[in-house]
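[1] Structure of the sequence below:
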Amino acid sequence: MTKDVFLPCGKKETASLRAGDTVYISGTIYTARDCAHREMFALLDAEKPVPFDIKDAFIYYAGPCPAKEGNASGSCGPTTSARMEGFAPRLLDLGLGGMIGKGEMNAETIEAVRRNGAVYFAAIGGAGALYGKRIKMSELVAFPELLSEAVYRLEVERFPAVVAIDPEGNTIYDKR
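    Take a look at the predicted model:
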């Protein structure tokens with residue numbers, strides 16, 4: 001089934017999503033790769049807030065390339081989500097609505113998605129140019145020294161993805 005998803009959104013809006021659903025995402029997402037996650041965890045460990053409201057937010061595991069004149073962003077393809085498995089459960093427990101990335105996640109992350117009624121969307125690897133065109137606005141939020149791995153707030157329109165882990169913990173990667 002194909003569905004339109006508007007972010008940010010809470011559990012009520014994601015409850016009907018099922019593993020395997022094709023979605024078109026519109027709204028606000030934040031980029032963060034492993035370097036940005038380490039910086040955010042340093043803030044959390046120091047009992048300081050992360051640079052954006054984590055409640056119901058979605059993190060896209062990506063680092064946007066610089067934009068060409070007239071564009072909001074350059075290429076912005078997903079990175080391997082498994083690199084963020086050590087970070088995802090804690091962020092989900094703090095209220096993160098979900099993540100967008102590439103590839104499967106471990107059992108601990110799947111359980112955290114289920115426990116929090118969150119969702120994990122799989123983006124298409126190798127489709128960075130397509131995703132860059134779906135970005136309508138890009139704004140640096142934090143950690144400029146990380147360059148493309150900094151945290152950016154993106155406004156996206158009809159950003160294609162697949163529900164890879166649904167709020168019930170079902171995944172497209174199940175081998176049952």
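[2] Any regions of the protein where pLDDT drops low?
    Within the chain, the ranges that satisfy pLDDT under 70 run 175-176.
[3] let's see it at 90
    1-2, 8-13, 66-68, 70-71, 74-75, 77, 124-130, 148, 174-176 (pLDDT under 90).
[4] neighbouring contacts of stretch 128-143?
    The contact list for stretch 128-143, computed with CB atoms under 8 Å, 6 or more residues apart in numbering, reads 30, 35-36, 39, 51-52, 62, 64-65, 67, 71-78, 123-124, 149-160. Quick note: C-beta positions are derived from backbone N, CA and C, even for glycine.
[5] Could I get the full set of strands for the chain?
    2-7, 22-31, 58-60, 98-101, 119-122, 135-142, 151-165 (DSSP state E).
[6] can you put those strands in CSV and add distance to I110 and mean neighbour count?
    Listed next are the strands of the chain as CSV, based on distance: least, CB to CB, whole Å; neighbours: other CB atoms under 10 Å:
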stretch, distance to I110, mean neighbour count
strand 2-7, 20, 14
strand 22-31, 18, 20
strand 58-60, 17, 27
strand 98-101, 12, 28
strand 119-122, 8, 26
strand 135-142, 28, 17
strand 151-165, 6, 21
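[7] okay, those strands in CSV with distance to G128 next?
    Converted to CSV, the strands of the chain look like this (distance: least, CB to CB, whole Å):
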stretch, distance to G128
strand 2-7, 20
strand 22-31, 12
strand 58-60, 12
strand 98-101, 13
strand 119-122, 15
strand 135-142, 11
strand 151-165, 12
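[8] now for those, which one comes closest to M84?
    strand 98-101 (7.0 Å; CB to CB).
[9] list the helices and strands the closest one packs on?
    strand 58-60, strand 119-122 (3 or more CB pairs under 8 Å, 6 or more residues apart in numbering; DSSP states H and E).
[10] Among those strands, which comes closest to T22?
    strand 119-122 (10.1 Å).
[11] May I have that closest one as PDB, with CA atoms only?
    In PDB, the C-alpha atoms belonging to strand 119-122 read as follows (Å, rounded to 0.1, in the frame of the first residue of the first chain):
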ATOM      1  CA  VAL A 119       8.900   3.600  12.700                       C
ATOM      2  CA  TYR A 120      12.000   3.100  10.600                       C
ATOM      3  CA  PHE A 121      11.800   4.000   7.000                       C
ATOM      4  CA  ALA A 122      14.300   2.500   4.400                       C
END
